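> Below: sequence and its predicted model.
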Amino acid sequence: MNYTQNQKITQISPSTLIVGIDIAKDKHVARAQDDRGYEFGKRLFFENRIHGFEKLLEWVKRHQQENNKTHVIFGVEPTGHYWLSLAYYLRANGFDFVLVNPMHVKKSKELDDNSPTKNDTKDARVIAQLVKDGRYSVPNLLDGIYAELREGVKLREQLSKQLMIIEGRIQNNIQRYFPEFLDVFKCWNGKAAMCTLRLFPFPNDLRNMTPEDVLMKWKPFVNRGVGIKRATKLVETAKKSVGIEVGLRFGKREIHSLLDQYELYREQLAELEQELEELVLTIPGAQKMMNIKGVGAMTVATFFAEVGDINNYSHPQQLVKMAGLSLREHSSGKYKGQTRIDKRGRKRLRKSLYLAIRPLVRYNPTFRALHEYYTTRLNRPLKKQQSLIALCGKLLRVLFVIGKKQCEFDENKLLMGIPELADLQAA
C-alpha cells in the first residue's frame with residue numbers, strides 16, 4: 001500500500017469493495033460500500049474469534065460476487081489492542097488492511113446525518129467513508145525478529161517502571177522509620193546499605209548493639225568499603241534518630257518484601273537487556289549503529305522495535321514523521337505562532353531518541369559540535385532544547401542511512417552541509 005495521499009485515493013477504484021469495521025472487545029461491526037459511497041447489504045456483527053473472522057470473509061466474498069468487485073480493502077478504527085488479531089488474520093489471508101484515525105471518525109460522524117449520535121453501526125459507516133477518501137494509514141505490523149524486539153522492549157519498559165515504583169516505596173519506608181539512614185550511606189542501594197536494611201533496618205535494632213557487633217554482622221556479606229568507623233557512625237546515628245517507632249513489625253516485613261522485589265526486577269531487567277542485545281546484533285547494520293560513540297544497544301533495539309524492517313521505507317522523513325518529530329505551526333494572516341513538533345507518532349521511539357541524544361551531545365565530538373553550532377549561530381540560533389530535538393531528527397536520519405547501506409558512521413558527511421563545521425573538521 002502506498003503512502004502518499006494521491007496514491008491512496010487511486011488505490012480506491014470502481015472494482016474496490018470497501019469494508020469499514022468498528023472494533024470492540026468481543027463483537028465487531030462491519031459495513032460494506034463501493035468507491036462512490038453506495039452501501040451494500042446490511043451490517044454484519046461478528047465475534048472476535050476464529051468463527052467470527054470466517055463469517056466476515058464469507059460475507060465479504062458474497063458481496064464481491066454480487067457486485068462484481070475484485071479488490072477488497074478493510075478499514076478499522078484501532079481500539080486498544082483488540083484490532084491486532086483481526087489485522088494479522090486478514091493480512092495472512094492476503095487482504096489490504098488500513099487504519100483510520102479515531103479523531104477523524106469523531107470529527108466527521110455528523111457529515112452524513114447531521115446528528116451527534118454515536119454507535120458502532122454508524123462508526124463502521126464513517127470509517128468506510130474515510131477510507132474511500134484516502135484518509136487512512138497503513139499499519140506497521142511487525143513479524144519475525146522485529147516483533148520479538150517490540151515485545152522485549154515493551155517488557156523492558158514495564159520492568160523499568162516497576163523498578164522505579166519499588167525504589168520509591170523503599171525510600172518512603174526509610175524516610176518514615178530511619179530518615180538519618182542516608183547520612184551514613186551515600187545511597188540506599190549500595191551493597192553495604194542493602195545489607196544493613198536486611199539485617200537491622202530500624203534504629204531500634206541498633207540501639208542495643210555495639211559497633212563491633214554491627215561489624216561482625218556485616219562481615220559475611222560485605223568484605224570491602226565498611227569498617228569500624230562506619231559502624232560507629234551508624235550506631236550513634238540510630239540512637240539520635242527521629243524515625244517513628246510504631247508499626248515496626250510489619251514495617252520490617254514491608255522493607256524485606258520491597259528489597260526482594262527490587263532484586264528480582266533488577267535481575268530480570270539485566271537478563272532481558274542481555275537477550276535484547278544478543279537479538280539486535282543479528283540485524284544487519286545494528287553493530288555499526290552501536291559503533292557510534294554514545295549510542296547503546298537499547299537505543300538500537302528500540303529503534304528497530306518501533307520501525308521494523310528499514311527496507312520498508314524509502315526516505316528518512318517517513319521515520320521522522322513516525323517519531324512525531326515533524327514541525328507544526330499556527331499562523332494566520334499577520335499572526336505567526338511558534339513552531340513545535342507535532343508529537344503525533346510513536347512516543348517510545350521519540351523518547352528513546354531524546355534519551356540517546358543527551359549523552360551523544362556530551363560525549364560524541366560530532367554531535368557536540370552540531371549542538372554548539374545550532375545554539376550559537378548568528379542566523380536564527382536555537383535554544384538548547386530546540387537543538388536537542390533537531391539533533392534527534394539528525395540521529396534518526398543517521399540510523400536510517402546506516403541501516404539501509406550497512407555503512408560505518410562518517411562524521412565528515414554529517415558535517416558536510418555546514419561550511420563552518422566542515423572547515424573546523426578539516427583543520
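Done, it's in.

> nearest spatial neighbour of residue 304, skipping sequence neighbours?
residue 149 (5.4 Å; Cβ to Cβ, 6 or more residues apart in numbering). (Each C-beta comes from the backbone N, C-alpha and C, glycine too.)

> Residue 301 versus that neighbour, what's the distance?
Distance, residue 149 to residue 301, by Cβ to Cβ, to the nearest Å: 6 Å.

> Likewise for residue 382?
For residue 382 relative to residue 301 (Cβ to Cβ), the value is 29 Å.

> So those two - more neighbours on which side?
residue 301 (26 against 17; other Cβ atoms under 10 Å).

> so what's the more buried one scoring on pLDDT?
What the model reports for residue 301 is a pLDDT of 96.

> CA atoms only for the one helix or strand it maps to, dumped as PDB, please.
Here residue 301 sits within helix 297-307, counting by DSSP states H and E. C-alpha atoms of helix 297-307 as PDB (Å, rounded to 0.1, in the frame of the first residue of the first chain):
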ATOM      1  CA  ALA A 297      22.300  -1.400  22.400                       C
ATOM      2  CA  MET A 298      19.000  -0.500  24.000                       C
ATOM      3  CA  THR A 299      18.700   2.600  21.700                       C
ATOM      4  CA  VAL A 300      19.200   0.500  18.600                       C
ATOM      5  CA  ALA A 301      16.900  -2.300  19.900                       C
ATOM      6  CA  THR A 302      14.100   0.300  20.500                       C
ATOM      7  CA  PHE A 303      14.700   1.800  17.100                       C
ATOM      8  CA  PHE A 304      14.200  -1.500  15.300                       C
ATOM      9  CA  ALA A 305      11.300  -2.500  17.600                       C
ATOM     10  CA  GLU A 306       9.400   0.700  16.600                       C
ATOM     11  CA  VAL A 307      10.500   1.000  13.000                       C
END
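
> Pull out the buried positions in the helix or strand just after that helix.
Moving toward the C-terminus from helix 297-307, the next helix or strand (DSSP H and E) is helix 316-322. By 16 or more other Cβ atoms under 10 Å, the buried positions in helix 316-322 come out as 316, 319-320, 322.

> For helix 316-322, name the packing helices and strands.
Helix 316-322 is packed against helix 297-307, helix 384-405, with contacts defined by 3 or more Cβ pairs under 8 Å, 6 or more residues apart in numbering; DSSP states H and E.

> Can you list the strands that whichever helix or strand comes after it pairs with?
Reading on from helix 316-322 to the C-terminus, the next helix or strand found by DSSP H and E is strand 327-332. Sheet pairing of strand 327-332 (DSSP bridges) gives strand 335-341 (antiparallel).

> all strands of this protein, in order?
16-22, 27-33, 39-47, 71-77, 96-99, 327-332, 335-341 (DSSP state E).

> Pick the most buried one from the ones you listed.
Mean neighbour count (mean count of other Cβ atoms under 10 Å) peaks for strand 16-22 among the strands of the chain, with a mean of 24.

> So, low pLDDT: which residues of the stretch 151-300 of the chain?
Within the stretch 151-300 of the chain, the stretches with pLDDT under 70 are 225.

> ok so, going back, how about the helices and strands packed on helix 316-322, which one is nearest residue 70?
Closest approach to residue 70 among the helices and strands packed on helix 316-322 (Cβ to Cβ): helix 297-307, 33.0 Å.

> can you pull out the helices in the stretch 101-250 of the chain?
For the stretch 101-250 of the chain, the helices defined by DSSP state H, counting those that start in this stretch occupy 102-108, 120-132, 145-177, 181-184, 191-199, 211-218, 228-239, 248-280.

> do you know which of the ones you listed lies nearest residue 355?
helix 145-177 (11.5 Å).

> quick one on the thing from earlier: tell me how far the helix holding residue 301 is from the chain's mean position?
Here helix 297-307 is found 10 Å from its chain centre; the criterion is Cα atoms, centre = their mean, to the nearest Å.

> Report the angle between that helix and helix 248-280.
Per axes from the mean of the first three to the mean of the last three Cα atoms, to 10 degrees, the angle that helix 297-307 makes with helix 248-280 is 70 degrees.

> Need the residues touching each of residue 149 and residue 301.
276, 279-280 (Cβ atoms under 8 Å, 6 or more residues apart in numbering).

> returning to that earlier point: so which of the helices of the stretch 101-250 of the chain is the most packed in?
Using mean count of other Cβ under 10 Å, helix 120-132 ranks as the most buried of those, with a mean of 23.

> which residues touch that helix?
Applying Cβ under 8 Å, 6+ apart, the external contacts of helix 120-132 come out as 12, 18-22, 24, 29-33, 35, 37, 39, 43, 73, 75-77, 98, 100, 104-105, 108-109, 111-113, 136.

> And for stretch 264-277?
So stretch 264-277 is contacted by 149, 152-153, 155-156, 159-160, 162-163, 166, 297-298, 301 (Cβ under 8 Å, 6+ apart).

> give me that answer again for 7 Å
149, 152, 155-156, 159-160, 162-163, 166, 297-298, 301 (Cβ atoms under 7 Å, 6 or more residues apart in numbering).

> now, the most widely separated pair of those residues?
Using Cβ to Cβ for every pair in those, the one that comes out farthest apart is 149 and 166, at 25.6 Å.

> picking up where we left off before, turn the contacts of stretch 264-277 into TSV, columns for distance to residue 87.
Formatted as TSV, these follow (distance: Cβ to Cβ, whole Å):
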residue	distance to residue 87
149	19
152	21
155	21
156	24
159	27
160	28
162	29
163	32
166	35
297	30
298	27
301	24
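
> Relative to residue 356, which of those residues is nearest.
Once Cβ to Cβ is applied, the member of the contacts of stretch 264-277 that ends up nearest residue 356 is residue 298, at 8.8 Å.

> What count of nearby residues applies to that closest one?
Neighbourhood size, residue 298 [other Cβ under 10 Å]: 18.

> circling back to that earlier point, pick the one among the buried residues of helix 316-322 closest to residue 83.
Nearest member of those to residue 83, counting by Cβ to Cβ, is residue 322, at 18.7 Å.

> Enumerate every residue touching the closest one.
Here residue 322 is in contact with 345-346, 349 (Cβ under 7 Å, 6+ apart).

> Let's see which of these end up in helices.
In helices, judged by DSSP state H, the following of the contacts of residue 322 are found: residue 349.

> ranking the contacts of residue 322 by neighbours, who comes first?
That'd be residue 349 among the contacts of residue 322, by other Cβ under 10 Å, with 22 neighbours.

> which residue packs closest to that one, ignoring adjacent ones?
residue 306 (3.9 Å).

> That neighbour against residue 351, yeah?
No. Residue 306 lies out of contact with residue 351 (Cβ atoms under 7 Å); the separation is 10.1 Å.
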